[in-house]
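Structure, please.
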Amino acid sequence: MSHPFEALQPEAVLQAVESLGLWSDARVFALNSYENRVYQVGIEDGEPLIDKFYRPNRWSEAAL
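Coordinates of the predicted model:
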């Protein structure tokens, strides 16, 4: 059974950032990561940030 993590699209990455009240400038750059999905996201009038999506069931909430 597939999980949404497997088909993560740039639009979902931007929505996750903007859900925090930050405005993206729509630049999304995938970074290397063996286990997770990691992106550098451009922020309007600010420094870019790193957005990391963890593989489902890989870590407990306490470990995060």
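
Give the phi and psi angles for Ser60, as a check.
With angles defined as degrees, to the nearest 10, Ser60 sits at phi -80, psi 160.

ok, which stretches of this structure are strands?
In the chain, the segments counted as strands under DSSP state E are 24-31, 37-43, 49-53.

how about those strands in a markdown table, adding mean neighbour count?
C-beta: built from backbone N, CA, C; applies to glycine. Output for those, formatted as a markdown table (neighbours: other CB atoms under 10 Å):
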| stretch | mean neighbour count |
| --- | --- |
| strand 24-31 | 14 |
| strand 37-43 | 17 |
| strand 49-53 | 14 |
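
Same list, those strands, but as TSV with mean pLDDT and distance to Glu61 please.
Listed next are these as TSV, based on pLDDT from 0 to 100; distance: least, CB to CB, whole Å:
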stretch	mean pLDDT	distance to Glu61
strand 24-31	92	24
strand 37-43	94	18
strand 49-53	91	15
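
With distance to Gln15 added, can I get those in TSV?
Converted to TSV, those look like this (distance: least, CB to CB, whole Å):
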stretch	distance to Gln15
strand 24-31	9
strand 37-43	11
strand 49-53	11
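
From Trp59, how far off is Asp25?
30 Å (CB to CB, to the nearest Å).

now Ala16
Taking CB to CB as the criterion, Ala16 is separated from Trp59 by 17 Å.

Tell me who's in contact with Ser33.
By CB atoms under 8 Å, 6 or more residues apart in numbering, the contact list for Ser33 reads Lys52.

what is the most centrally placed residue in the chain paired to in the beta sheet?
Centroid-nearest residue in the chain: Asp51, 3.7 Å away (criterion: CA atoms, centre = their mean). Beta-bridge pairing for Asp51 (DSSP bridges): Tyr39.
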